[in-house]
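# quick one, structure for this:
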Amino acid sequence: MDQSVAIQETLAEGEYCPQAVQGVLCEGDSRQSRLLGLVRYRLEHGGQEHALFLYTHRRMAITGDDVSLDQIVPVSRDFALEEVSPDGELYILGSDVTVQLDTAELSLVFQLPFGSQTRMFLHEVARACPGRLPGGGWVAGYSPTHPRIPGCRHSLPMYVYFNFFSFPLGGSNFDGLRPNGKGVPMDQSSRGQDKPESLQPRQNKSKSEITDMVRSSTITVSDKAHILSMQKFGLRDTIVKSHLLQKEEDYTYIQNFRFFVGTYNVNGQSPKECLQLWLSNGIQAPDVYCVGFQELDLSKEAFFFHDTPKEEEWFKAVSEGLHPDAKYAKVKLIRLVGIMLLLYVKQEHAAYISEVEAETVGTGIMGRMGNKGGVAIRFQFHNTSICVVNSHLAAHIEEYERRNQDYKDICSRMQFCQPDPSLPPLTISNHDVILWLGDLNYRIEELDVEKVKKLIEEKDFQMLYAYDQLKIQVAAKTVFEDFTEGELTFQPTYKYDTGSDDWDTSEKCRAPAWCDRILWKGKNITQLSYQSHMALKTSDHKPVSSVFDIGVRVVNDELYRKTLEEIVRSLDKMENANIPSVSLSKREFCFQNVKYMQLKVESFTIHNGQVPCHFEFINKPDEESYCKQWLNANPSRGFLLPDSDVEIDLELFVNKTTATKLNSGEDKIEDILVLHLDRGKDYFLSVSGNYLPSCFGSPIHTLCYMREPILDLPLETISELTLMPVWTGDDGSQLESPMEIPKELWMLVDYLYRNAVQQEDLFQQPGLRSEFEHIRDCLDTGMIDNLCILQTFSSVIIGSLTMGNHSVAEALLLFLESLPEPVICYSTYHNCLECSGNYIASKQVISTLPIFHKNVFHYLMAFLRELLKNSAKNHLDENILASIFGSLLLRNPAGHQKLDMTEKKKAQEFIHQFLCNPL
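Below you'll find the predicted structure:
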């Protein structure tokens, strides 16, 4: 995920963050997460300065509200950033990169994740250094409350070490592709089929040789996407790459490697038992371990602030539980709140792991909270691409539709950067092998608890499996299409009394279910075992494991060289003398009746002629992007072989950023896209359409003056009301008498008050997208009766009112988030922080708000206090509500420097006062 977007929101005018990376600040035994952003500032005389901005952050940094500026380090004359390799440690291609930052004033050590994000970050830092100025004086303008390093006076050399991949390729000179013209060795100790002598692997290189190989900007032949995909490559090299991938079977063979895949929902517990019974008992030493956890930490601190000591505890427990007959190296650890995934390989395989990337997707409330969602690690093992996904989907038996949606969201939103930033990101499906594990939370339906337990006692798992929700949903092709799962020969893994093998005896008495599952997709995969581990009793779940033999493509150097020679000889026969030309299946696109947060897609096909070509959508003159914010082309660039096709999706999506101007008429669904061919001509595509105005993205005072539903009003009236100043209503305006609060807000709150004040996990669990669309349409058309029948809609579709309640709650949060001016106006933001802890002064600040904003604030506080009266049922408390609503009602002014964590807590404390004291 590109976290430079979050940093950019914190920057002042004239400052730009081209690249950011999340790392770990290492100080002795302390490990603290930091977000590092390279920030560029253009000076008045035309030059530019750079500095590293270091941020603390909560959760994954999605917006500027998630980060707090901790330190600024100018890129001045004495600035040095160097990769360091601790003595005695094995260099693992794919493991984290350790860098040391030195100036005259400080020395810091960071661990950065291996992958394209770190490589591009270090590349941008290197580019910044030749233009560095002596003082870094621009950062002196930042608040003294933020530590910064003053400009330095010593003239010391600048060093930046990183893994650049840049190779000559032309004619018949192939040695530039490999060190000294030699290929990277294959593992001699790995199991595999008998191979002819020409396919036998070579001896392993030592650690120093591997390190030297990486530091000298070389490449492993197993790294097929790195072979020719770096930015420095031209058209000819891209053609070579394409042909190499097409002919992969000519220079590779299949070799089996043993994979252990495990999943364990630990219910927020710390490790209390040795994990060898799960990870290594009774099996051969695996080549690769993929170990996933869910509910690592259930505390509110982990949910809201991301950090947890449980990560280190379980990482240590896993490392100690790995097979004792082999030595393993950790390749990657990725965590999203309580969802954690660990990847280990045998040390002798470390040289063949490359292109390691890790990403997270939160599917919790508003699509971003990480209490539910997925984490994934993708990597190349020899010449096979592998993606491992660990997910925790929505709970409760009736919410299988929400689980289906979580799965689809993870698949669509999980994207991995490619080494070449000009290429579109990879998705989960873009891999040879996919291993999916986790607490998928699908339950046994239609059977009562006693019937389920009776079938388990009789070990009639086949009969029980017929009622398994995951089986039913897979058969209906709604989830995990083309995935395979082994036969379930073990009893359900949920829910047990902690510390025992007894089924749940709590008041809820949950029915047993196979919540914890492992599925796979790909060729040459053989499942050797699939089992639960009853001996572990730490949690209310039992851990599950599966062992696979996976056929991996391994490169034979001699055959690789021959294939490459043939490709280059054939290219020598055709020079790039012709001008590329393409045909487009469509050039005009009309998006009718676009709605808020409803994706619309129009597709067209590019057919290439006889000349290979690069295509790209380019910016029009004086514009910062190739298209408007509500539009996206996927892919936006690419490469076409002769007589080949590519389908382009034009995706239109209106969100809180773009809705207000579309409502007011300041923007329209109109754009021109320019499709450019490298060495060829440009093609122009016309985009048009109409947007249906929505209460989402409309100002509070505007909605108060709309006595009719927004879709019943003329566009001219909507535009006039949307452009009214926020203080309208206090100036004796002659406009029609307004309502005290927006009717749309009343509809949402009234529904929740009547139906959901006792709803468990309200505002913490997301609803269904289809229901949100129904709610939005009800609000925009004024069909309050239709909103009321959401109860019936939920009951018919899902079998419960629960999901309708969560959908309306999430719609309320989205409504507040979409307000262009928050409930507590930007102009009073800093006053609120100063008054935090002083309730009388805080009430005085609220009294100064515009009348409609003040009304809305009091109305919401009264509703939240009603929720707290039912906390025994809904499990809400003042801290949870203050955290959720604090960031929505009290937002930092746009364009201002974001505040640190202490000040964010002040904002929450401000809201907290109104929940605990009489209004």
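
# low-confidence ranges, the stretch 551-700 of the chain, go.
Low-confidence segments of the stretch 551-700 of the chain (pLDDT under 70): 572-578.

# can you give me the strands for it?
Assigned by DSSP state E, counting those that start in this stretch, the stretch 551-700 of the chain shows strands spanning 582-584, 588-594, 600-608, 613-618, 631-634, 637-640, 645-652, 670-677, 682-691.

# out of those, which gets nearest to residue 263?
Set against residue 263 and scored by CB to CB, the strands of the stretch 551-700 of the chain come closest in strand 631-634, at 31.8 Å. For every residue, glycine as well, the C-beta is placed using N, CA and C.

# which parts of the closest one are buried?
Neighbour counts over strand 631-634 (16 or more other CB atoms under 10 Å) mark 631, 632, 633 as buried.

# give me the number of residues near the nearest residue to the last one once chain neighbours are set aside?
The reference is to residue 633. Leaving aside its sequence neighbours, residue 633 sits nearest to residue 617 (CB to CB, 6 or more residues apart in numbering; 5.2 Å). Using other CB atoms under 10 Å, residue 617 has 20 neighbouring residues.

# now for residue 617: which residues touch it?
For residue 617, the contact set (CB atoms under 8 Å, 6 or more residues apart in numbering) comprises 626, 627, 633, 636, 637, 673, 674, 675, 676.

# so the fourth one is in contact with residue 424, correct?
Yes: taking CB atoms under 8 Å as the contact criterion, residue 636 and residue 424 are neighbours in contact, 7.3 Å apart.

# and the contacts of the strand or helix carrying residue 406?
Here residue 406 sits within helix 400-413, counting by DSSP states H and E. Applying CB under 8 Å, 6+ apart, the external contacts of helix 400-413 come out as 361, 363, 367, 372-374, 389, 391, 393-394, 427-429, 440-443, 445, 469, 473, 478-480, 766-769, 797-798, 803.

# of the residues you listed, buried ones?
Judged by 16+ other CB under 10 Å, buried ones among those: 361, 363, 367, 372-374, 389, 391, 393-394, 428, 440-443, 469, 473, 478-480, 766-769, 798, 803.

# okay, domains of this protein per the record?
Following the TED database, the chain resolves into domains at 3-133, 254-555, 582-691, 733-790+801-916.

# for residue 375, the count of nearby residues, please.
28.

# wait, is it part of a strand?
Yes: according to DSSP: H, G, I helix; E, B strand; the rest coil, residue 375 belongs to a strand.

# wait, it touches residue 337, no?
No: the pair residue 375 / residue 337 is not scored as a contact, 9.7 Å apart, by CB under 8 Å.

# circling back: may I see the contacts of residue 617 arranged in TSV, with distance to residue 892 as well?
Shown next, in TSV, are the contacts of residue 617 (distance: CB to CB, whole Å):
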residue	distance to residue 892
626	30
627	28
633	32
636	31
637	35
673	34
674	36
675	39
676	38
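
# who wins for neighbours among these?
residue 675 (24 neighbours).

# so how far is residue 385 from it?
Residue 675 is 29 Å from residue 385, where distance means CB to CB, to the nearest Å.

# check residue 789 and give its pLDDT.
Per-residue pLDDT puts residue 789 at 56.

# so where's the stretch 401-550 of the chain shaky on pLDDT?
Using pLDDT under 70, the stretch 401-550 of the chain drops low at 421-422.

# hmm, try it at 90
417-425, 507-508 (pLDDT under 90).

# show me where it has helices.
Assigned helices in the stretch 401-550 of the chain, in chain order: 449-457, 461-465, 469-475 (criterion: DSSP state H, counting those that start in this stretch).

# in CSV: the ones you listed, plus distance to residue 611.
Output for these, formatted as CSV (distance: least, CB to CB, whole Å):
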stretch, distance to residue 611
helix 449-457, 64
helix 461-465, 55
helix 469-475, 45
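
# tell me the most buried of the ones you listed?
Sort those by mean neighbour count, taking mean count of other CB atoms under 10 Å, and helix 469-475 sits at the top with a mean of 17.

# next, count neighbours for the closest residue to residue 657 other than its chain neighbours.
Closest residue in space to residue 657, ignoring its immediate chain neighbours: residue 629 at 6.0 Å, by CB to CB, 6+ apart. Per other CB under 10 Å, the neighbour tally for residue 629 reads 13.

# residue 629 contacts residue 656, doesn't it?
No: using CB under 8 Å, residue 629 makes no contact with residue 656, being 11.0 Å away.

# okay, the residue nearest to residue 657 and residue 659: tell me how far apart.
Distance, residue 629 to residue 659, using CB to CB: 11 Å.

# check residue 108 too.
42 Å.

# tell me which of the two has more neighbours.
Each of residue 108 and residue 659 has its neighbours counted (other CB under 10 Å); residue 659 has more, 23 against 19.

# what sits against the residue nearest to the more buried one when sequence neighbours are not counted?
In space, and not counting its chain neighbours, residue 659 is closest to residue 697: 2.7 Å by CB to CB, 6+ apart. Shown in contact with residue 697 (CB under 8 Å, 6+ apart): 596, 654, 656, 658, 659, 660, 662, 663, 818, 819, 820.

# do that again at 6 Å, thanks
By CB atoms under 6 Å, 6 or more residues apart in numbering, residue 697 lies in contact with 659, 660, 663, 818.

# quick check: the second one touching residue 820?
So that's residue 660. Yes: contact criterion CB atoms under 6 Å: residue 660 and residue 820 qualify, at 4.5 Å.

# so where is the stretch 101-250 of the chain shaky, pLDDT-wise?
104-105, 111-246.

# any idea which element residue 908 lies in?
Residue 908 belongs to helix 901-916, assigned by DSSP H and E.

# what's the average pLDDT for that helix?
86.

# now it, how far from the chain's geometric center?
In terms of CA atoms, centre = their mean, to the nearest Å, the centre of helix 901-916 is set 28 Å apart from its chain centre.

# buried residues in it?
In helix 901-916, counting by 16+ other CB under 10 Å, buried: 904, 905, 906, 907, 908, 909, 910, 911, 912, 913, 914, 915.

# what does that helix rub up against?
68, 832-833, 836, 839, 842, 861, 864, 878, 882-883, 885-886, 890.
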